[in-house]
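S.K.: Following is a predicted model, sequence given first.
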Amino acid sequence: MQKQAMLIVSQSGRFLAQIANNSGYPVWVADCFGDSDTLRVASRWLPINDIHNPLSILKTLLTLSNEDPCTLIYGTGIESFHSILEYLPKHIKLLGNSQHTVEKIKNPSRFFNILNKANIPYPKIKLTPPIEKKGWLKKSAAGFGGTHIQYLTPGSEYSNTYYQEYIDGISGSVLFLANGKNNRLLSINQQFLVNDPASPFMLGGIATPFILSHPQQTVLQNIIESLLNHINLYGLNSLDFIINEAGDILVLEVNPRPSASAELLTELPQLFNYHINACQEDHSIEMTPYPKNSSTYLHYIFARYNTVIPENISWPSMCRDIPLSGHLILKKAPLCTAIIVNSQLTFTESGDKVQNHIHDLLERR
């Protein structure tokens, strides 16, 4: 008997589509890119033209599903269109955190109030612009990927924005599986930023494992357990944090969805099924033992200039999110990603080497 289709909606649906397909599910995808490796596994695909337009996205999902029964799984971008989860028709079953849960986490006033009740440390925040701009960041409550974060300067206040104290430190994330009350910590990851003054906090790469001291690991585990005492999270979720100069861990935000760091778990092939089980009625988070993951780095490669993808490019096997031939990729837009395993170079050196190689291939064509 064929399994029910998975309807995937995300800024990029490629990874979720691949792991759902590997688990035997038919896959329908709505995303912003329509990359070749997404289309290879999706039997249906439609573009998201504006990820910040919930009504348009809902219409896209209705067209894509065509009234056929399916299960909806969302990824990156739900921060900006979670309101649609309240209006899903009966033939689309939600798998993941509810709209109510996502709204609580992505509403700054409600989220940081939860952290206060749970005694979870975080950088100072303000919901109105601070008088002294220096040392503060402005963040969109509906943002993702770091592109919405900027240094606060006079005259730079925007709507739907909150303000957070700038912390000079090392940023990371923790990926965990939850069933409402209990959790399994899957990985601790270090985050790297793109070297771009125009977008100083844009995510450029994620590496695992991020080696922390035992006390720091214990703090992270306690933070997740405290969080789950105040809000019910299901399936794969991630938590972003920063370590200040004193070694203290401060929470930045929670992503109530599968995050990009899940792709680093190359030795956990049942990851998609674990996500499903944790979200369904039995809420199981039982997992078979798995080996500690290899040193793995997910690197985002951005176009150095406006680029039309030529025919017959021999993309390296480590590349993912590969654009179709003939597509125009604008300068600084995502070109592809690369998964680098057990490199002898540092993470940033490995990423730079792959990025240079990709651009050399494009320039030679």
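M.R.: Okay, I see it.
S.K.: What ranges does the stretch 101-250 of the chain have for its strands?
M.R.: Under the criterion DSSP state E, counting those that start in this stretch, the stretch 101-250 of the chain contains strands at 125-126, 136-140, 150-151, 161-165, 170-179, 183-193, 203-208, 234-243, 249-255.
S.K.: possible to save those as a markdown table with mean neighbour count?
M.R.: For glycine as for every other residue, the C-beta is placed from the backbone atoms N, C-alpha and C. What follows is the strands of the stretch 101-250 of the chain, written out as a markdown table (neighbours: other C-beta atoms under 10 Å):
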| stretch | mean neighbour count |
| --- | --- |
| strand 125-126 | 16 |
| strand 136-140 | 20 |
| strand 150-151 | 16 |
| strand 161-165 | 19 |
| strand 170-179 | 23 |
| strand 183-193 | 20 |
| strand 203-208 | 23 |
| strand 234-243 | 23 |
| strand 249-255 | 21 |
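S.K.: In CSV: the ones you listed, plus mean pLDDT and distance to S343.
M.R.: Shown next, in CSV, are the strands of the stretch 101-250 of the chain (pLDDT from 0 to 100; distance: least, C-beta to C-beta, whole Å):
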stretch, mean pLDDT, distance to S343
strand 125-126, 95, 37
strand 136-140, 92, 32
strand 150-151, 92, 32
strand 161-165, 93, 33
strand 170-179, 96, 19
strand 183-193, 95, 14
strand 203-208, 95, 10
strand 234-243, 97, 23
strand 249-255, 97, 26
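S.K.: Distance to R14 added to these, as CSV?
M.R.: Below are the strands of the stretch 101-250 of the chain laid out as CSV (distance: least, C-beta to C-beta, whole Å):
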stretch, distance to R14
strand 125-126, 33
strand 136-140, 24
strand 150-151, 28
strand 161-165, 30
strand 170-179, 18
strand 183-193, 19
strand 203-208, 16
strand 234-243, 16
strand 249-255, 18
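S.K.: pLDDT score for the closest residue to S36 other than its chain neighbours?
M.R.: Spatially, and ignoring its direct neighbours in sequence, S36 is nearest to I322 (4.9 Å; C-beta to C-beta, 6 or more residues apart in numbering). We have a pLDDT of 97 for I322.
S.K.: quick one: secondary structure of I322?
M.R.: Local secondary structure at I322 is given as coil here, using DSSP: H, G, I helix; E, B strand; the rest coil.
S.K.: That one reaches W315, doesn't it?
M.R.: Yes. Contact between I322 and W315 holds when scored by C-beta atoms under 8 Å: they sit 5.3 Å apart.
S.K.: Which of those two has more residues huddled nearby?
M.R.: Legend: neighbour count by other C-beta atoms under 10 Å for I322 and W315, higher for I322 (20 against 16).
S.K.: How about the contacts made by that one?
M.R.: I322 makes contact with 35-37, 315, 336, according to C-beta atoms under 8 Å, 6 or more residues apart in numbering.
S.K.: Also W136?
M.R.: Contacts of W136 (C-beta under 8 Å, 6+ apart): 126, 130, 151-152, 163-166.
S.K.: and the chain, what are its domains?
M.R.: Following automatic domain parsing, one gets these domains for the chain: 5-95, 119-164, 296-364.
S.K.: Out of the ones you listed, which gets nearest to H230?
M.R.: H230 sits nearest to domain 119-164 of all the domains of the chain, at 9.0 Å, using C-beta to C-beta.
S.K.: what's the span of the closest one from first residue to last?
M.R.: Domain 119-164 has an end-to-end distance of 18 Å (C-alpha to C-alpha, to the nearest Å).
S.K.: What strand or helix carries the nearest residue to R320 once chain neighbours are set aside?
M.R.: Nearest residue to R320, sequence neighbours excluded (C-beta to C-beta, 6+ apart): T337, at 4.7 Å. Assigned by DSSP states H and E, T337 belongs to strand 334-341.
S.K.: angle of the helix or strand just after that strand against strand 203-208?
M.R.: Sequence order places helix 347-364 as the next helix or strand after strand 334-341, per DSSP H and E. Per axes from the mean of the first three to the mean of the last three C-alpha atoms, to 10 degrees, the angle that helix 347-364 makes with strand 203-208 is 130 degrees.
S.K.: Can I get helix 347-364 in CSV, CA atoms only?
M.R.: The C-alpha trace of helix 347-364 is given here as CSV (Å, rounded to 0.1, in the frame of the first residue of the first chain):
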residue,chain,number,x,y,z
PHE,A,347,35.7,24.6,8.3
THR,A,348,36.2,28.0,6.8
GLU,A,349,39.2,26.9,4.6
SER,A,350,37.2,23.9,3.4
GLY,A,351,34.2,26.1,2.5
ASP,A,352,36.4,28.7,0.7
LYS,A,353,38.1,25.9,-1.3
VAL,A,354,34.8,24.5,-2.5
GLN,A,355,33.4,27.9,-3.3
ASN,A,356,36.4,28.8,-5.4
HIS,A,357,36.1,25.5,-7.2
ILE,A,358,32.5,26.0,-8.0
HIS,A,359,33.1,29.5,-9.4
ASP,A,360,36.0,28.3,-11.4
LEU,A,361,33.7,25.7,-13.0
LEU,A,362,31.2,28.4,-13.9
GLU,A,363,33.8,30.8,-15.2
ARG,A,364,35.3,28.2,-17.5
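S.K.: Show me what counts as buried in it.
M.R.: 347, 350-351, 354-355, 358-359, 362 (16 or more other C-beta atoms under 10 Å).
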